[in-house]
Each structure stands twice: as structure tokens, then as C-alpha cells.
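make a model of this:
(one chain, ligands or ions: 2)
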Amino acid sequence: MGTIVGFASEKGGVGKTTICYHLAVALSRYHGKKVLVIDGDYQRGGITGRFDETLIEGFRTGQIQGPTLYNKFLELYSAQTLTPDIKIFATSEERIHFVPADPRLSAVTVDKIPTTNNIRENMRSLWRHLSVLEVVLAPIRDRYDYILVDSHPDINDLLRTILYACEYVCSPVKLDLQSTVGVVSAIEAINNVNSDIELVANTIDETIDYSPTQYAGAIATQAREWGGILKWTERTEYRRIAQSGPIFETYVTEGDGLRQAARDRCPVFDISGQNAEKQSQQLRELTKEFIERCPA
Ligand SMILES: Nc1ncnc2c1ncn2[C@@H]1O[C@H](COP(=O)(O)OP(=O)(O)OP(=O)(O)O)[C@@H](O)[C@H]1O
Ligand SMILES: [Mg+2]
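Ligands and ions are numbered 1, 2, ... in the order given. Have a look, this model is predicted:
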């Protein structure tokens with residue numbers, strides 16, 4: 001059964017998409033893993049653009065081939081039974097499939113669930129909303145070793161659904177003065193989802209088979225070095241994050257290699273030059289640590 005791992009941070013631009021994309025490519029190319037990537041960033045669709053540039057126009061104009069994850073939420077909002085089928089796309093990487101972003105996912109909210117005057121039934125509906133991604137992934141999980149989920153930088157009802165489906169969550173961080181902010185709120189959101197589901201299991205359905213989502217750790221990205229080691233200020237930030245929870249030992253430095261890769265819509269592994277090679281090496285190391293922290 002594929003291990004489901006989410007990438008989450010309330011802060012934007014910290015490297016969620018970059019890390020999620022490169023881990024997917026490295027898991028497939030260097031470890032022979034079959035990977036499904038879900039693009040949950042309904043605003044940018046960064047994963048979608050990386051894997052299939054031709055889908056970006058449809059993403060901008062709302063011409064999305066479905067069924068998408070949004071269609072699944074719509075089924076709940078119109079009081080239908082949730083059907084798990086979802087459209088999956090192939091990529092130029094043999095072992096990677098992906099589900100493109102749907103801009104309409106910005107409209108996901110529990111406020112749209114039909115309510116009744118029965119508290120238990122309402123609670124059950126909230127749980128169904130939380131379970132949408134899990135239900136969608138259940139029948140296809142066996143086809144993959146890893147399912148990676150990129151997300152939008154916001155703690156909302158969609159993110160809660162993503163967190164619930166995940167076994168592990170990583171939180172990329174930029175080592176600046178506010179770096180702990182995104183990490184702390186991601187951990188808090190995971191804890192909230194875990195305690196909510198415990199409440200549901202204890203009150204309305206004892207048969208719910210649920211293991212709590214685990215926080216795999218922060219991943220430092222866009223780090224700056226001086227003389228081959230982290231700059232003093234960044235080392236201080238790294239230690240500060242380490243005090244509030246787990247953090248990956250491997251970090252990824254800031255540099256032109258990844259910038260060029262983003263421009264060319266390809267992995268940094270395919271870019272030549274000293275800086276790209278350094279970042280490629282770091283991302284390959286990170287992938288090894290990722291497999292240890294989030295085993296398949
Ligand atoms: N190590 C790095 N060196 C240089 N540029 C980087 C590095 N990591 C990421 N970037 C660039 O920084 C920008 C933000 O990265 P990315 O899109 O991965 O962040 P994000 O957390 O997914 O952002 P958002 O929250 O907006 O989705 C991108 O333009 C990306 O190419
Ligand atoms: Mg992103």
C-alpha cells in the first residue's frame with residue numbers, strides 16, 4: 001500500500017512544490033518507486049505545470065478534465081454518495097502519475113455540507129468531508145509505493161482533508177526569522193485533525209480504522225552557506241526549529257540550479273553546472289532520508 005505523504009506550511013514560497021516535485025522524480029528515477037502526485041495547490045498548480053505544461057491553460061481558464069477532487073466534494077455538497085473515481089494523468093517519467101490541480105478547490109468548505117437538526121448526523125457529515133481524499137485514494141493505493149500531496153499555503157478545510165489522508169506530513173521551511181511560524185501551525189493543524197477524528201471515533205463510530213497522521217519533520221530549503229556550512233543565523237534558526245519538533249538533517253541550499261530548473265520546467269537533476277549538481281546531490285540525499293522517515 002502506497003505511503004501517503006503531504007507537504008504543508010501556512011507560509012508561501014518556502015519550497016513545498018519544489019521539494020514535493022523533486023522527491024517524486026528522485027523516488028522514481030533513483031529508487032525505482034511508483035509515485036502518484038496530487039496537486040492540491042488550487043491557486044498555483046505548480047506540480048501540474050511541471051508535469052504537463054499543456055494543462056496549465058486549462059487550469060487558468062477552468063477547463064479541467066475530470067472527475068477531479070473538487071467533483072468529489074461536490075458530491076457531498078449535493079448529498080450524493082461519494083464515488084472514489086478520479087482522473088489520473090501519466091507523465092514523461094515512466095513511474096510517475098499525477099492528479100492536476102483544480103482551481104475550484106478554493107471553494108471547498110464544510111459550510112456547504114447539507115446540515116440537519118441531528119448532531120450525530122452532522123458530525124458524520126463533517127467526518128465524510130474530512131475523509132474525501134482518503135476515500136478517493138483507497139482503491140488506487142496499491143498501485144503506488146508513494147502518494148505525495150502538494151498543498152496551498154493555507155490552513156483550511158481542504159488542507160484538513162489532505163492531512164487526514166496522509167500518514168506523514170513534511171513542512172518545508174526557509175531559515176529566516178519567521179521560519180518557525182509555518183512549522184508550528186502545520187503541527188497544530190495535524191494535532192487538531194488527529195484529536196477531531198479521535199472524538200468522532202469515540203462518539204459516533206467505533207469501527208473507524210484510523211491511525212494518527214505523523215509529523216515527519218521540517219525540511220530546510222533555500223538555505224545559505226558560508227565556507228561550506230550553514231551561515232550562523234541560519235544555523236540558529238535550524239536549532240530553533242529542532243527545539244519545536246523533528247527536522248530533516250539534510251537541507252537544500254539556495255541557488256541558480258533550482259531556479260533554472262523551475263524556468264525550464266524540469267528537475268534540477270537534468271540541469272548542468274556546478275550549482276545544479278550540488279542541489280541535485282542534496283535532493284538525492286534528502287530522498288534517502290525521506291525514505292527512512294516515511295517508509296513505504
Ligand atoms: N533551493 C532553492 N534555490 C533557489 N530557488 C528556490 C529554491 N527552492 C525553491 N526555489 C524557488 O522559490 C520559489 C518558491 O518555491 P516553491 O514554489 O517550491 O514554494 P511553495 O512553498 O510551493 O510556494 P507556494 O506556497 O506559493 O505554493 C520558486 O520560484 C522556486 O523555484
Ligand atoms: Mg507551491
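
neighbouring contacts of the lowest-mean-pLDDT helix or strand in the chain?
Ranked by mean pLDDT, DSSP states H and E, the weakest helix or strand in the chain is helix 55-61, scoring a mean of 85. Applying CB atoms under 8 Å, 6 or more residues apart in numbering, the contact partners of helix 55-61 are 45, 48-49, 63-65, 89, 100-103. Where C-beta positions appear, they are placed from N, C-alpha and C, glycine not excepted.

can you tell me which of those is closest to ligand 2?
Gly45 (8.9 Å; CB to the ion).

rewinding a little: going by distance to Glu206, which of the contacts of helix 55-61 wins?
Asp102 (34.5 Å; CB to CB).

what's the pLDDT at that closest one?
On pLDDT, Asp102 comes in at 95.

list the residues that contact it.
42, 59, 64, 66, 68-70.

secondary structure added to those, as CSV?
Shown next, in CSV, are the contacts of Asp102 (DSSP: H, G, I helix; E, B strand; the rest coil):
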residue, secondary structure
Tyr42, coil
Phe59, helix
Ile64, coil
Gly66, coil
Thr68, coil
Leu69, helix
Tyr70, helix
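
would you list the buried entries among those?
When the contacts of Asp102 are checked for burial by 16 or more other CB atoms under 10 Å, the buried set is 42, 59, 64, 68-70.

show me where the protein has its strands.
Shown for the chain, the strands assigned by DSSP state E span residues 3-7, 35-40, 89-90, 96-99, 146-151, 168-174, 214-221, 225-226, 229-230.

circling back: could you check the least confident helix or strand of the chain and say which residues are buried?
55-56, 58-59.

do the same with stretch 194-208
For stretch 194-208, burial by neighbour count (16+ other CB under 10 Å) applies to 194, 196-197, 200, 204.

using pLDDT, spot the least trustworthy of those.
Ranking the buried residues of stretch 194-208 by pLDDT puts Ile204 at the bottom, with 83.

what does it show for phi and psi?
Main-chain dihedrals, Ile204, degrees, to the nearest 10: phi -110, psi -20.

what's the most distant pair in the contacts of helix 55-61?
Phe89 and Pro103 (16.5 Å).

which ones are touching Val193?
By CB under 8 Å, 6+ apart, the neighbours of Val193 are 130, 160, 163-164, 213.

what is the burial count for whichever residue of the stretch 101-250 of the chain sits closest to ligand 2?
Per CB to the ion, Asp150 is where the stretch 101-250 of the chain lies closest to ligand 2, at 5.9 Å. Applying other CB atoms under 10 Å, we find 28 residues neighbouring Asp150.

burial of the residue nearest to it when sequence neighbours are not counted, as a residue count?
Spatially, and ignoring its direct neighbours in sequence, Asp150 is nearest to Cys20 (4.4 Å; CB to CB, 6 or more residues apart in numbering). Other residues lying near Cys20 total 26 when counted by other CB under 10 Å.

could you do the one 3 residues further on as well?
Using other CB under 10 Å, Leu23 has 25 neighbouring residues.

against ligand 1, how distant is it?
With distances taken as CB to the nearest ligand atom, to the nearest Å, Leu23 is found 12 Å from ligand 1.

related to what we said a few turns ago, now, the most widely separated pair of the buried residues of helix 55-61?
Ile56 and Gly58 (7.3 Å).

re earlier: want to throw the buried residues of helix 55-61 into a markdown table with distance to ligand 2?
Shown next, in a markdown table, are those (distance: CB to the ion, whole Å):
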| residue | distance to ligand 2 |
| --- | --- |
| Leu55 | 16 |
| Ile56 | 14 |
| Gly58 | 19 |
| Phe59 | 13 |
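
which among these gets closest to Val108?
Nearest member of the buried residues of helix 55-61 to Val108, counting by CB to CB, is Phe59, at 16.4 Å.

wouldn't Phe73 be in contact with Leu130 here?
No - look at Phe73 against Leu130 with CB atoms under 8 Å: they stay out of range, at 11.3 Å.

out of those two, which sits in the more crowded spot?
For Phe73 versus Leu130, the count of surrounding residues by other CB under 10 Å is larger for Phe73: 26 against 21.

disregarding flanking residues, what is the spatial nearest neighbour of the more buried one?
Closest to Phe73 by CB to CB, 6+ apart is Val108, at 5.1 Å.

number of residues surrounding the one you found?
25.

against Ile4, how distant is it?
Distance of Val108 to Ile4, computed by CB to CB, to the nearest Å: 18 Å.
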